[in-house]
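Asks: this one's sequence-less:
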């Protein structure tokens, strides 16, 4: 786009037309939508503004040229704008965080179904990154409080920025932690996590938009993709209250292996849930409520 005769007072429609041509030549899907999205995001305008006032100049034409060039080279939109919409909320995205994806909204949906709207609830998000999971849950459950854990200080700074922007910083703690190590025994009602689950040997074959821009720490699941699940599931029973739940995002081919790990750890009511493409995406499991069991047994003995 640079060097194409675009001047500092270039009109919106002229800049947009040049951007569409550049993205189209780079085989970027939906080039008009993407070029328009970049222009609107940068200029703080709407698509209607472009249509209504096509001859107004682009105030940040040089930056717009740079953004279009980045998108044409394959850099994801969210990595250019620094923002991603998730669960109807806007999240700040940085190089230290995984780019939130629509697939993870299945995890939010399934976790919300476990949280009563009229009760308090303590939620923990393991590997919180942008904070998209814990903050989406707290946004929809006003009586809940949460803890976001991450080993990355930079990721926690991003999550804090998002919590502040969404007005949720008063109900969430963001803590540096190696998996669940910062949590107290029997302090959590629901654990959620989208842990790294890519098999090490497959990372090099990922889509470049993921491989080259998401932090390796958020992708690498070890030699079989299950390292993070083992670490989380081993400790989860200690930090969950009796009857508490664990909700985990999984890879499309982990719909048997992760439930097996939960089963071996003593979880009950294990279930697998699919994403919009029909692929296994979320696994749930419940910690046994031994207190309730003892009460039931006591009643049975009294009857006898």
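Replies: Looks like it came in fine. Computed from a prediction, not measured in an experiment: that's the story for all the values here.

Asks: Can you say which helix or strand has the nearest residue to residue 279 once chain neighbours are set aside in it?
Replies: For residue 279, ignoring the flanking residues on the chain, the nearest one in space by CB to CB, 6 or more residues apart in numbering is residue 252 at 4.1 Å. In short, each C-beta sits where N, CA and C put it, glycine included. Here residue 252, judged by DSSP states H and E, is contained in no helix and no strand.

Asks: Please name the residues that touch the closest residue to residue 131 other than its chain neighbours.
Replies: Spatial nearest neighbour of residue 131, excluding adjacent residues (CB to CB, 6+ apart): residue 159 at 3.3 Å. Taking CB atoms under 8 Å, 6 or more residues apart in numbering as the contact definition, residue 159 lies against 97, 128-131, 134-135, 148, 150, 174.

Asks: at 6 Å what do you get?
Replies: 128, 130-131, 148, 174 (CB atoms under 6 Å, 6 or more residues apart in numbering).

Asks: Can you pull the domain assignment for this protein?
Replies: Structural domains annotated on the chain: 12-74, 94-292, as defined by automatic domain parsing.

Asks: gap between residue 246 and residue 89?
Replies: Separation of residue 246 from residue 89 (CB to CB, to the nearest Å): 24 Å.

Asks: same deal with residue 140?
Replies: From residue 140 to residue 89 the distance is 10 Å (CB to CB).

Asks: Surely the residue nearest to residue 279 touches residue 277?
Replies: No. Counting by CB atoms under 6 Å, residue 252 does not reach residue 277; the two are 8.5 Å apart.

Asks: Tell me which of these two has more neighbours.
Replies: For the pair residue 252 and residue 277, the greater number of neighbours falls to residue 252 (14 against 8), based on other CB atoms under 10 Å.

Asks: pLDDT score for that one?
Replies: Residue 252 is assigned 95 on the pLDDT scale.

Asks: For the contacts of residue 159, which entry has the maximal number of neighbours?
Replies: Highest neighbour count within the contacts of residue 159: residue 128, with 32 neighbours (other CB under 10 Å).
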